[in-house]
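Visitor: any chance you could fold what I've pasted below:
(one chain, ligands or ions: 1)
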Amino acid sequence: MNHETQHAIVIGASMAGLLAARALSPYFDQITLLERDVFPEVGKNRKGVPQGQHTHALLPTGQQVLESFFPGLSPDLVSQGAILSDPMLGSKRFFGGYYHCQFQTDLKGLYLSRPLLEGNVRKRLLALPNIRAIENCDVLGLAASKDKTRVQGVRLIRRQDGSAEEILKADLVVDASGRGSRSPQWLEQLGYEKPEEEQVRIGMGYVSRYYRRNPEHKNLTLINIASQPCTRLGVLAAQEHDRWIVSIAGYLGDHAPTDPDAFLEFSKTLPVPDIYNIIKNSEPLSAPVPATFPANIRRHYERLSRFPDGFLVLGDAICSFNPVYGQGMTVAALEANALHDILAHGNHKLAKRFFKKARKLIDNPWSITVGGDLRIDGVEGKRSLVSTLLGRYLNYLHQAAQHDPVVAMAFMKVVGLRSVSKSLLHPKIVWRVFRTNQQSRLTS
Ligand SMILES: Cc1cc2nc3c(=O)[nH]c(=O)nc-3n(C[C@H](O)[C@H](O)[C@H](O)COP(=O)(O)OP(=O)(O)OC[C@H]3O[C@@H](n4cnc5c(N)ncnc54)[C@H](O)[C@@H]3O)c2cc1C
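Guide: Numbers count the residues shown, from 1 in each chain. Okay, here's the model as predicted:
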């Protein structure tokens, strides 16, 4: 690629922005991250990422990308208190009305808080010689060439008294400003169409609280209770500093209360009482904190026939998934990885090549999320005969996953974004589901 004047700007220094900047670093002389917040110390929450106070699962696929971008990150996180544990052995997973069986694998899942993860990624990124960050600034819009065919930088304002709007020039601008991204409006202002936006409204609410993790639970890292069509879900996950984070989620306004006693009572109404049984005897370390997530949102940039050169959109700004599936950071990592690989072949028609690849990366997690959400009565959306049949099949699959590690693993690979959903319909898996259920019927 041309190495004359290569400056890239990334809007937003959350997970997608940090990973995008890392992906760009071999190809640009300088990368500038623009972030509204002032960076806190590693491990502390910040205002622009309120979701940092809630459970944040990093799927093994995302962990692999992070490790390839920042070799040695995982052991470094462990040395700071993150827990590395076999996700199939140290966890209780109650899906579709059944506990999946536990068994040993060679996988290692990382359990830690979002601020510890983000803070370490940020620290490692900012240590690269061609990365700098301007904190405490708001990006207001794009700066474009006269004929509007090329984005040439951004308009920004620093959050200090007496600041005036300024223009920062760049050869490439990447919008990683999250689900509230204003790229559709910015494109419209330049005379382009807005991307089509798909929404699946779920009315999701989270309430999360920290508890002390006592030594008696040292072999347990996760309880995940997600049993559609029940509208209430719960996760209890280990974190650094001997803590549990407990998030209770509810669809369609069926949200947990933030009053501490009522929160505990609500946890009792989950389909199984495993989380309640632990937290009723654990010391709370924080007040319950709420978050709402009204809808899954997907913006189809890949469908636009015209798009300016020198501009990309990445992360939640393209697609923001129901957080209960824990996919957002991993999809952002996969997109950043794709950007890295695409740039290795030059920057010709960059946006077209990137959005085409991003669409492929998003299709599978989007179908998992929307497919799961449409199993909840009252979530509006088209239910095809195929998806209804698939839902029924999943019930049988969860039943078989009580006993059959191969079936349980096949499911975990799909929700972990290591396999596509249709792998669950592989004849070998279908046969095992049928056979295992048949055998357990005969022996019961
Ligand atoms: C409650 C909840 C729980 C979640 N749980 C999980 C989970 O378990 N696992 C998982 O993988 N994902 C989870 N996610 C999703 C995950 O947090 C995101 O997918 C991930 O942070 C990537 O998002 P992003 O970087 O694109 O955007 P964000 O994380 O939203 O970050 C956007 C950044 O841009 C900055 N910004 C915005 N506008 C401007 C502007 N105009 N100028 C300058 N800066 C700007 C913001 O300050 C912020 O730093 C969860 C989300 C929520 C809401």
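Visitor: can you give me the helices for the stretch 151-300 of the chain?
Guide: For the stretch 151-300 of the chain, the helices defined by DSSP state H, counting those that start in this stretch cover 183-189, 260-267, 274-279.
Visitor: for these, which one sits closest to the ligand?
Guide: The ligand lies closest, by Cβ to the nearest ligand atom, to one member of those: helix 183-189, at 10.1 Å. Yep, even glycine has a C-beta here, placed from its N, CA and C like the rest.
Visitor: can you tell if that closest one touches the ligand?
Guide: No: on the criterion Cβ under 6 Å from any ligand atom, helix 183-189 is out of touch with the ligand, staying 10.1 Å away.
Visitor: any buried residues in the lengthiest strand in the chain, and which?
Guide: Counting residues, the longest strand found in the chain (DSSP state E) is strand 196-212. Neighbour counts over strand 196-212 (16 or more other Cβ atoms under 10 Å) mark 200, 202, 203, 204, 205, 206, 207, 208, 209, 210, 211 as buried.
Visitor: for the ligand, see how far away the last one is.
Guide: Residue 211 sits 18 Å away from the ligand, going by Cβ to the nearest ligand atom, to the nearest Å.
Visitor: and the buried residues of strand 196-212 as TSV, adding pLDDT?
Guide: Shown next, in TSV, are the buried residues of strand 196-212 (pLDDT from 0 to 100):
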residue	pLDDT
200	97
202	97
203	97
204	97
205	97
206	97
207	98
208	98
209	98
210	98
211	98
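Visitor: between the residues you listed, which sits nearest residue 248?
Guide: For the buried residues of strand 196-212, the closest approach to residue 248 (Cβ to Cβ) belongs to residue 207, at 5.5 Å.
Visitor: what residues are bridge-paired with that closest one?
Guide: Beta-bridge pairing for residue 207 (DSSP bridges): residue 248, residue 290.
Visitor: hang on, isn't it packed against residue 255?
Guide: Yes: shown here, residue 207 and residue 255 form a contact pair, counting by Cβ atoms under 8 Å, at 6.7 Å.
Visitor: for these two, list the residues in contact with both.
Guide: residue 290 (Cβ atoms under 8 Å, 6 or more residues apart in numbering).
Visitor: what does stretch 233-240 rub up against?
Guide: Stretch 233-240 has contacts (Cβ under 8 Å, 6+ apart) with 43, 55, 57, 80-83, 85, 111-113, 116, 210, 213, 220-227, 244-250, 267, 270, 274-275, 278-279, 324.
Visitor: please redo it, this time with the cut-off set to 6 Å
Guide: With Cβ atoms under 6 Å, 6 or more residues apart in numbering as the contact definition, stretch 233-240 has outside contacts at 55, 81-83, 111-113, 116, 213, 221-226, 244-249, 270, 275, 324.
Visitor: single out the most deeply packed of the helices of the stretch 151-300 of the chain.
Guide: Across the helices of the stretch 151-300 of the chain, averaging neighbours per residue (mean count of other Cβ atoms under 10 Å) puts helix 274-279 on top, at a mean of 20.
Visitor: using CSV, list the CA coordinates for that helix.
Guide: What follows is helix 274-279 as a C-alpha-only set of coordinates in CSV (Å, rounded to 0.1, in the frame of the first residue of the first chain):
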residue,chain,number,x,y,z
ASP,A,274,-28.5,-21.9,41.5
ILE,A,275,-27.7,-18.2,41.4
TYR,A,276,-30.0,-17.4,44.3
ASN,A,277,-28.5,-20.2,46.3
ILE,A,278,-25.1,-18.7,46.0
ILE,A,279,-25.9,-15.0,46.4
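Visitor: now that helix: mean pLDDT?
Guide: The pLDDT scores in helix 274-279 average 98.
Visitor: mind listing the strands in the stretch 201-350 of the chain by residue range?
Guide: 222-226, 232-239, 243-250, 289-300, 311-313, 319-320 (DSSP state E, counting those that start in this stretch).
Visitor: how about CSV for those, with distance to residue 49 added?
Guide: Formatted as CSV, the strands of the stretch 201-350 of the chain follow (distance: least, Cβ to Cβ, whole Å):
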stretch, distance to residue 49
strand 222-226, 22
strand 232-239, 16
strand 243-250, 15
strand 289-300, 11
strand 311-313, 18
strand 319-320, 13
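Visitor: how about the residues of the stretch 51-200 of the chain by the ligand?
Guide: Within the stretch 51-200 of the chain, the positions lying close to the ligand (Cβ under 6 Å from any ligand atom) are 51, 54, 55, 56, 57, 138, 139, 176, 177, 178.
Visitor: ok, the buried residues of strand 196-212 vs the ligand, which is closest?
Guide: Among the buried residues of strand 196-212, residue 206 lies closest to the ligand (Cβ to the nearest ligand atom), at 4.7 Å.
Visitor: so what's the closest one up against?
Guide: For residue 206, the contacting residues are 54, 247, 249, 291, by Cβ under 6 Å, 6+ apart.
Visitor: now it: closest residue in space that isn't a chain neighbour?
Guide: Nearest non-adjacent residue to residue 206, counting by Cβ to Cβ, 6 or more residues apart in numbering: residue 291, 4.4 Å away.
Visitor: go on, residue 280?
Guide: Nearest non-adjacent residue to residue 280 (Cβ to Cβ, 6+ apart): residue 264, at 6.3 Å.
Visitor: for the ligand, what's its nearest residue on the stretch 51-200 of the chain.
Guide: Proximity of the stretch 51-200 of the chain to the ligand (Cβ to the nearest ligand atom) peaks at residue 178, 2.6 Å away.
Visitor: run a quick neighbour tally on the nearest residue to that residue once chain neighbours are set aside.
Guide: Closest residue in space to residue 178, ignoring its immediate chain neighbours: residue 316 at 4.6 Å, by Cβ to Cβ, 6+ apart. As a burial measure, residue 316 scores 24 neighbours (other Cβ atoms under 10 Å).
Visitor: how's this structure carved up into domains?
Guide: Using automatic domain parsing, the domain parsing of the chain gives 7-70+116-198+297-369, 84-112+200-293, 385-443.
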